[in-house]
Structure formats: structure tokens, C-alpha cells
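Participant: make a model of this:
(2 chains)
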There are 2 protein chains.
Amino acid sequence: QPKKNKQWRKCLYTIWEMKYSQDTKRVIHSIKVGIALVFVSLLYLLDPLFKEVGENAMWAIMTVVVVFEFYAGATLSKGINRGVGTILGGSLGCLAAILADDSGYIVKAMIVAVSVFGFGSLATYMRTIPSIKKKYDYGVMIFILTFNLVVVSGLRADTVLQLARQRLSTIGMGFAVCIFISLLIFPIWASDELHNNTSSKFDKLACSIEGCLDEYFGTMGRDKENQGKVNLSGCKSLLYSKSTDESLANFAKWEPWHGKFGIKYPWGKYLEIGEILRELGTLILSLNGCITSSRQPSQESRQSIKDSCELIGLSLAWMLRKLGESILKMRKSRTKVLLSPKLKSLKQDLGLLHNIKPQENEDSVAV
Amino acid sequence: QPKKNKQWRKCLYTIWEMKYSQDTKRVIHSIKVGIALVFVSLLYLLDPLFKEVGENAMWAIMTVVVVFEFYAGATLSKGINRGVGTILGGSLGCLAAILADDSGYIVKAMIVAVSVFGFGSLATYMRTIPSIKKKYDYGVMIFILTFNLVVVSGLRADTVLQLARQRLSTIGMGFAVCIFISLLIFPIWASDELHNNTSSKFDKLACSIEGCLDEYFGTMGRDKENQGKVNLSGCKSLLYSKSTDESLANFAKWEPWHGKFGIKYPWGKYLEIGEILRELGTLILSLNGCITSSRQPSQESRQSIKDSCELIGLSLAWMLRKLGESILKMRKSRTKVLLSPKLKSLKQDLGLLHNIKPQENEDSVAV
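Facilitator: Predicted structure coming up:
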């Protein structure tokens, strides 16, 4: 009993710790954004700087507000997207503006309208393609915006090239401020997040398995009312973690070498592990469906399988925790040595269980 | 056999039809964005309009590029977010600028810097709160942007109020163009998408169940190589549909009365149905895990349960299809009358099965 209590406290502690560190990170992120905003505002506040850039300082502020994201990798990816989109859109826009420049006003307007429609529609269609949407959505949007602004300004201003150059340089300033503050001052890495998340998933699964065991064998004396209250929120949150994982891996790829992660770090593996753990989560959820269903074996038969089931479940939980730990600490896991005999004995127990009490799992078909 | 073929063709047809209609929608959306861009570019192209708005026409273009989203509800929600964010940020910024106006330059600069840092950090922290992030993320971002631009321009320009008014009116023009084109010309409703998605989920589950049956009883003669190839992609995609559903429901709430949906339409119910269907999907996935595991009963015992299992599975699939259909057509389902006796007989069959062949489901514990 004290051992079990300790395990539960450990589960709760892990969750609390994650939430707490997440809160701290959010406060740090907010303060960093505030600092970055003050920095770019200096372009307006200090006379010599304002004389240099003028009203274009606006673009630096805009860049900081829009580009500064929670994770360093996200900031970097958005900034580079913005930069490339601006350059591509700006140069294409200049080209179209120059092309239209020699013609009469009506022809000019026609060329502008057609190119705005053509590039706008084409780029928007590209934004709806999932693979582009996932990585370059923001860049394509900025491409449309810049192309449009440049090509229509080209009709009015004679100094399109100069305008584009000035804006680009202020956007560059904003980006530099973002990158500096995001990467160098208390950086919040998506790679750390993905790494810790993946390791904590093993913990969550272990907690869920223990919860199921506790529910099934711990409540045997209690009445029906108190049953069916296994805390599976961890297991469920894991099930829905696919999109979070994918975006984290996407950001992690952008992040430069830091800490324990090398340059060609295999982020794809984390996604594969996540996929497998989600399948495990599915199994645990359906196991929970079985043990909380209305068709249950008698108290006696439950009692008779209690020990073997608890042995199996707790060993499974132990193994999951070990695996999670070895991922977290990036140690080559000695699981093969440690687990092999354990797994074998488990398999035997399982076989034994099957022969003695096949009824236990009847309910799984009661979809 | 011909009946089964027909069912499979139906499954494939449904998927193809959805993909095709999705592609058409994407093309329509792209063309609509192109048209909207040409419309706001007219602010530059036509002399009388340009004389009216001047360089502020830029903000109309920016609004269209940024606000025009795939779904009408998304466009509306983003536009309103942008509007409210601009107004709030603009007025607070004016207030701060006026407050700073009476002081000397150094004090002025201090007030601006402190307010930029304070509001920037505070609003950024709000953006990291999940409930605000889900609905108002864009609005808060625009608030930060506008507040900053107004408060720093206030240092330089004497005409902050006029500047703010002009920008707001051009943003309004861009928004009007977006809303007009998004809502009135071939609108793409998030509500339709959510409605059809929810109904098609029933189909996907039915297809998966049929696939499992086919796999388990259809391949009995075949070798091991050809086994374990049930197409469960539909079932899996359903499992990961939570975030899509939530954002669709969020957009659907913004969409005005149209078609078959009333004003206070209960979009939350769709999310509840989705949740239940995901749980069903979990069960089907784990059932598939059982039937593809290496521990299998003998051919004979499989043969002996074939008929009852197929009856149950096909009835389940039929029921799911009926339910999906009645949701799609918004008919009050007569399922209670139709299904009640069916369910009862199913339950009996299931009980029978349990007593005869408990071995079949042994493998569910072989996590």
C-alpha cells in the first residue's frame, strides 16, 4: 500500500512539475516579447535612428509582433519564411511593375490587375496544399502581401526599388531583434519540449496502467458508485498529441545546435515513438472499457487472477518508466539485458492466465 | 460476395467524393481571394479612390491578405477579431500618447517605453492562455500591434487621431470586401463541413468494422503474408480529428444563419458525438490489434464463430450507417424503433458467443 501511494504521488508530481515549468516559460516568453517591442520602438524613440529609417520603422514593429513565437524554432522558421516571402514577392512585384511601366495607363492597370489576380489565386491555392500549409503557409502569405503592395505602389511611386529596400532593411532589423532575444536570452526550445514530452508519455501510460489495476482490484470491496473513475486524462491527452508533436518536430528541425542535440538529430524518430505510444494508449483505453463494462466475472475469479495481473501490469509500468527515463537521459538503455528475462516470465504468466481464466477478457468484444 | 463488393465500392466512392469536392472548394477559394485582391487594389488603381485614401490603401490590401480564410466563419471571426483588436489597441494607444504629450521628451519616451513593455508583455501572456488562444489569439496580436504603432507614432505625428481614423476606415473597406466575397459568392461554410464530416465518421467506422471482419474471416485460406492489411486509415484519421472538429465548431458558431442551420444551432453536440465516435474508433483499433496478433485460435474454432460474428459486425456497420445518414439528412432517426429489437437479438447472440467460444478474445490482454 505505501508503495502504491508513493507511485501515485510520483505521477501527480510529474504532472505538477510540467505545469509549473510551463507557466514559468510563459512568463519568460511574455517578458522577452515586451523587451523586444521596446527595442524596436527605439527606432521611433531615438532621433538619430528615426532620421535613418523614418516611417518604415513601422515594419520593424510589425515584424516583431508577428514573428516572435513561443519556441525559438518557431520564431526562426517564421522569420525566415517572412524574409524569403518578402524577397520573392518584392522582386516579382518589381519585375511586374517595371514590365507595366512602359505602357499607357489603361494597359498598365490591366497588367497590374491580371498579375494581382493570377499570383494571388495561385499562391492561395498553394496555401491550401497540406504539405505547403504545414511548413510554408506564412511565407506564401507574406509573398502575396508583398507582391501586391509592391506591384500597386509601383503605379504611384517612382521609387519602388528604394521603398522595397528600406522596408526590407527594417524587417531585417525587427527579425534580428527577435532572433537575438529569442535564441540568446533564456531560449525556449521546441526540441527540449518534444524530448521531455516524449519521455513523459511513457510515464503517463505507466500511470494509466496502474490506475486500471488499482480500479479493477482495489475497488472489489466497494460499491458500484465508486467505480469507473480511473484517471485516464493522461492517456487521452496522449492520444490527441499527434498534431502538437508534429509541429514541435517541425520547429525542432529549425533550431540550431544546442545542448544535447546535434545538428542532424533524428527528430522523425520522436514522431515514430509517439505513433507507437498512441497505439499503446488505444489499447489501455479499450482495456479500461473492458474493466468498467457491466459484464464482470465474479469476485472470486477476480481475486484468483489478482496477483498475476498485478505482477504483469506493474512490470509493464516499470518497463515503460525505465524506457522513458532512458530516453530522457539519453542513455543507451540496458533494457534488453534487464527486460529480456522479465519479458519471458511475463509471457509465461500470461499464457498461464489464459489457460486458467479466459473469462476475464470476454468483454472486449462488447463494442 | 457481390454484396460485399458493393459495400467496398461505396466506401471508396464516399472517400473519393469528399476529396473531389474538397478540391473544387479549394479552387473556388483561390479564385475568390484573387477577386478580393483585385477589388482592394482598385483603391490604388482608380484615381478618385486613391485621392480619398492615399497610402493608407495599403491597410486594405493587408487586411484582405491576412483575414480572408478558407471558411466563411473563419473569415468573419478573424475580421471581427482584427476590428476589435484595432479599435481597442488604437484607443488605448491614443490615451497613452495623450497622457505622454504634456511631459518633456525624456519623460514622454519613458512613458511610451514602459507602456509598450507593460501592455506588450501582458497581452502576450494572455495569448499563451489556451482558452484565449483558441478564440481570440489573432485579436490580441492585432491589439499589441496597433497599440504599439499608435503609441510610438504619437511621439512623432501630431495627427495620431486622424491617422488612426484613416487606417481604421481602410481596414473596414478591406474587411467589407472580404465579407462580401466570402459570404455571398459561393460561400464555403465550416458548418457544412462539420456536419458532413460528422456524418462521414459513422461511415468510416462502418467501413473499418467491415474491413476487420473481412480480414479475419476472409483470409482464413490465405497465407500469413497477406494478412494484417486492414485499411484502418479512416479509423485512425477519425481518432486524430479532435482539433479539426474543435476549430470547425468554433468557426461554425460565427457563421450567420444559412441553409438548414438555425441561429442557436447546437454545435457543441457535434463535438460530443465526435468524442463518442473516437472512443468507438479506439475500440475498433484494439479489436484489429487482437485479430492481427500472433496468438490465434484454430481454423475450426474460427469457422464456427464466423456466422455469428459476421452477423453482429454487419449489423453494427448497418446501424452506424443509418445513424450517419439520419444525421446527414437531419431526419429524426427512427433508429429506436428499428434498432431496438436488433440490438436485443445482438445482445443475445453476443451472450451465446461468450459461452461457446471465450477463446476468441484472449489476445486483447496481450498488450
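Participant: rest of the way, CA atoms for contacts and neighbours
Facilitator: OK.
Participant: residue contacts, A:Thr124?
Facilitator: A:Thr124 is in contact with A:Val140, A:Met141, B:His29, B:Ser30, B:Val33, counting by CA atoms under 8 Å, 6 or more residues apart in numbering or on different chains.
Participant: tabulate the residues you listed in CSV, adding columns for pLDDT.
Facilitator: Converted to CSV, those look like this (pLDDT from 0 to 100):
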residue, pLDDT
A:Val140, 94
A:Met141, 93
B:His29, 92
B:Ser30, 93
B:Val33, 92
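Participant: in helices, which of the residues you listed fall?
Facilitator: Members of the contacts of A:Thr124 lying in helices (criterion: DSSP state H): A:Val140, A:Met141, B:His29, B:Ser30, B:Val33.
Participant: what is the burial count for the second one?
Facilitator: Using other CA atoms under 10 Å in any protein chain shown, A:Met141 has 23 other residues around it.
Participant: my read is that it contacts B:Val65, right?
Facilitator: Yes. A:Met141 is within contact range of B:Val65, at 7.0 Å (criterion: CA atoms under 8 Å).
Participant: which neighbours do these two have in common?
Facilitator: Common neighbours of A:Met141 and B:Val65 are not found (criterion: CA under 8 Å, 6+ apart).
Participant: any chance of the ones in helices among the contacts of A:Thr124 in a markdown table with distance to B:Ala74 as columns?
Facilitator: Converted to a markdown table, these look like this (distance: CA to CA, whole Å):
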| residue | distance to B:Ala74 |
| --- | --- |
| A:Val140 | 19 |
| A:Met141 | 16 |
| B:His29 | 13 |
| B:Ser30 | 15 |
| B:Val33 | 14 |
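Participant: tell me the one of the residues you listed nearest B:Tyr136?
Facilitator: The closest of the ones in helices among the contacts of A:Thr124 to B:Tyr136 turns out to be A:Met141 (CA to CA; 20.3 Å).
Participant: now for whichever strand or helix holds A:Leu311, which elements pack on it?
Facilitator: Assigned by DSSP states H and E, A:Leu311 belongs to helix A:299-328. On a contact count with 3 or more CA pairs under 8 Å, 6 or more residues apart in numbering or on different chains; DSSP states H and E, helix A:299-328 meets helix A:190-218, helix A:335-356.
Participant: give me that answer again for 6 Å
Facilitator: Packed against helix A:299-328 by the contact rule (3 or more CA pairs under 6 Å, 6 or more residues apart in numbering or on different chains; DSSP states H and E) you find helix A:190-218.
Participant: list the buried ones in the helix it packs on?
Facilitator: For helix A:190-218, a neighbour-count test (16 or more other CA atoms under 10 Å in any protein chain shown) marks A:190-213, A:215-217 as buried.
Participant: same check, this time on stretch A:140-149
Facilitator: Neighbour-count burial for stretch A:140-149 flags A:Val140, A:Met141, A:Ile142, A:Phe143, A:Ile144, A:Leu145, A:Thr146, A:Phe147, A:Asn148, A:Leu149 (criterion: 16+ other CA under 10 Å).
Participant: CSV for these, including distance to chain B?
Facilitator: Conversion of the buried residues of stretch A:140-149 to CSV gives the following (distance: CA to the nearest CA, whole Å):
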residue, distance to chain B
A:Val140, 10
A:Met141, 7
A:Ile142, 8
A:Phe143, 10
A:Ile144, 7
A:Leu145, 6
A:Thr146, 9
A:Phe147, 11
A:Asn148, 8
A:Leu149, 7
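Participant: now, among these, which is nearest to A:Glu325?
Facilitator: Set against A:Glu325, the nearest of the buried residues of stretch A:140-149 by CA to CA is A:Val140 (40.8 Å).
Participant: now that closest one: closest residue in space that isn't a chain neighbour?
Facilitator: Spatial nearest neighbour of A:Val140, excluding adjacent residues (CA to CA, 6 or more residues apart in numbering or on different chains): A:Gly85 at 6.1 Å.
Participant: got the angle between the helix or strand harbouring that neighbour and helix A:190-218?
Facilitator: Element membership of A:Gly85, judged by DSSP H and E, is helix A:72-101. Compare the direction of helix A:72-101 with that of helix A:190-218 by axes from the mean of the first three to the mean of the last three CA atoms, to 10 degrees and you get 130 degrees.
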